[in-house]
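Q: one predicted model, sequence on top.
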Amino acid sequence: MPIKIQDSLPAQKILEKENIFVMTEYRAMHQDIRPLHVLVLNLMPTKIETETQFLRKLSNTPLQVEVEFMQTESYRPRHVEESHLDTFYTVFDDVRDRRFDGLIITGAPLEHTRFEDVVYWKELCEIMEWSKTHVHCTLHSCWGACAALYYHYGIPRTVLKEKLSGVYSHRVIKKKSPLFRGFDDVFEMPHSRSFTIPREAVEAVPQLELMAESEEAGVAILKSRDSSQFFFNGHPEYDSMTLAGEYERDSIKGMDPKIPVNYFPEDDPTRKPIVRWRAAGQLLYSNWLNYYVYQSTPYDVASIDGHEEHVKDIDSSDDVVSE
């Protein structure tokens, strides 16, 4: 089944070349199918690259998904053409009276900035509060996850002495969770951040449950116990060359970055990385979209009010994997 996007979005040609079934607005209008409405608040400066990464992950399911992109109104990015934003992006005032099945809040390159000092922090807080009553299920990614954990639960981040960059091994804790249906006990996922979330801080909040962690990268995936909020501290959506691009960018800036861990063959930046996280990354987004959005969202999207029943995971870490 296809993913529905706006006509002429640049990601369309890229995805079609990869044989990913995308559907334009015109074609979708002629079908009598209730699509899932997913809003993506894109906080990354690399707008088109990030759009393509998330669309790729949302597309590989038997569901029709209608994706819209939103930008902050209190801050306009400098690294993307105004025409692209005007054509393909909305702002919060345009959607505040609408309901959505899903919301994705991306990461942002603001690791060393206090949340309260972020130009659009007040607007982001308003959006996160709005999501509790107007969105069935919200997924927060990397910095977006850190910001949401701070806003919703008061969990502080811990700044690392050096940037965590590379592909790390993770242990599935909630093996019976639908989120990890089809997973092995251990999976790999890229990380690119200069902060971490203390495990003890998560365990002190009864409304949260730790789903997966890494011995090297720490707390990786969390969710609220009512399954209305998810927090990915890594980047399962990353392309094969994303970490390489970040490494090159930081090198050009004279930041003397460390070579991303477990990424380049023999730690040689001149060699093409070997992707070992694509399957797990696709499963994460497919399972989230299927089990936590589609399976429990109201048929009438206008009736979403934040109080509908969500999928509740079996609270167990037994060694039985749900297939």
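A: Cool, the structure landed.
Q: low pLDDT regions in this structure?
A: The model of the chain has pLDDT under 70 over residues 1-4, 19-33, 314-323.
Q: quick one: the strands in it?
A: Counting by DSSP state E, the chain has strands at residues 3-4, 22-23, 36-41, 65-70, 89-90, 100-105, 135-141, 158-172, 186-196, 208-214, 218-224, 229-232.
Q: and Asp305, which of these is closest to it?
A: strand 135-141 (9.5 Å; C-beta to C-beta). All C-beta atoms are positioned from the backbone trio N, CA, C, and that covers glycine.
Q: tell me what that closest one is packed against?
A: Under the contact definition 3 or more C-beta pairs under 8 Å, 6 or more residues apart in numbering; DSSP states H and E, strand 135-141 sits against strand 100-105, helix 143-153, strand 229-232.
Q: which one, of those, ends up nearest to Leu36?
A: Closest to Leu36 of the helices and strands packed on strand 135-141 is strand 100-105 (C-beta to C-beta; 4.5 Å).
Q: now the closest one - C-alpha only, PDB.
A: Extracted C-alpha coordinates of strand 100-105, given in PDB (Å, rounded to 0.1, in the frame of the first residue of the first chain):
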ATOM      1  CA  PHE A 100      -4.100  13.500  13.800                       C
ATOM      2  CA  ASP A 101      -3.600   9.800  14.200                       C
ATOM      3  CA  GLY A 102       0.200  10.300  14.600                       C
ATOM      4  CA  LEU A 103       2.700  13.000  15.200                       C
ATOM      5  CA  ILE A 104       6.500  12.700  14.700                       C
ATOM      6  CA  ILE A 105       8.700  15.400  16.300                       C
END
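Q: and that strand with strand 36-41, angle?
A: Between strand 100-105 and strand 36-41, the angle comes out at 20 degrees (axes from the mean of the first three to the mean of the last three C-alpha atoms, to 10 degrees).
Q: residues contacting strand 100-105, please?
A: If you take C-beta atoms under 8 Å, 6 or more residues apart in numbering as the criterion, strand 100-105 is touched by 36-41, 43, 54, 124, 127-128, 131, 134-141, 144, 147-148, 289, 293-294, 297, 301, 304.
Q: which of the residues in stretch 44-55 are buried?
A: Across stretch 44-55, burial judged by 16 or more other C-beta atoms under 10 Å covers 44, 46-55.
Q: ok now that stretch, how far from the chain's centre?
A: 11 Å (C-alpha atoms, centre = their mean, to the nearest Å).
Q: contacts for it next, please.
A: Counting by C-beta under 8 Å, 6+ apart, 3, 5, 9-11, 14-15, 22, 40, 42, 67, 69, 77-80, 84-85, 88, 104, 106-109, 237-239, 242 sit against stretch 44-55.
Q: over to stretch 252-264?
A: Everything outside stretch 252-264 that qualifies as a contact, by C-beta under 8 Å, 6+ apart, is 162-163, 165-168, 188, 190, 192, 216, 243-244, 246-247, 250-251, 267, 269, 271, 273, 276.
Q: mind running it again at 7 Å?
A: With C-beta atoms under 7 Å, 6 or more residues apart in numbering as the test, stretch 252-264 has contacts from 162-163, 165-168, 243, 247, 250-251, 267, 269, 271, 273.
Q: again with stretch 114-128
A: Contacts of stretch 114-128 from elsewhere in the structure, counted by C-beta under 7 Å, 6+ apart, are 41, 72-75, 92, 110, 147-148, 150-152.
Q: got CSV for those residues, with neighbour count too?
A: Shown next, in CSV, are those (neighbours: other C-beta atoms under 10 Å):
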residue, neighbour count
Leu41, 26
Thr72, 21
Glu73, 13
Ser74, 15
Tyr75, 15
Phe92, 19
Leu110, 17
Ala147, 24
Ala148, 24
Tyr150, 16
Tyr151, 16
His152, 21
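Q: closest to Asn60 out of those residues?
A: Taking C-beta to C-beta as the measure, Asn60 lies nearest Leu41 of the contacts of stretch 114-128, at 21.9 Å.
Q: end-to-end on stretch 273-280?
A: The first residue of stretch 273-280 is 17 Å away from its last residue (C-alpha to C-alpha, to the nearest Å).
Q: residues touching His84, list them.
A: With C-beta under 7 Å, 6+ apart, His84 has these contacts: Lys47.
Q: what distance do you get for it to Arg76?
A: 12 Å (C-beta to C-beta, to the nearest Å).
Q: quickly list what the residue nearest in space to the middle of the chain is bridged to.
A: Centroid-nearest residue in the chain, with C-alpha atoms, centre = their mean: Ser141, separated by 3.9 Å. According to DSSP bridges, the residues that bridge with Ser141 are Phe232.
Q: and the gap between it and His79?
A: 19 Å.
Q: rewinding a little: which of the contacts of strand 100-105 are buried?
A: By 16+ other C-beta under 10 Å, the contacts of strand 100-105 give 36-41, 43, 54, 124, 127-128, 131, 134-141, 144, 147-148, 289, 293-294, 297, 301, 304 as buried.
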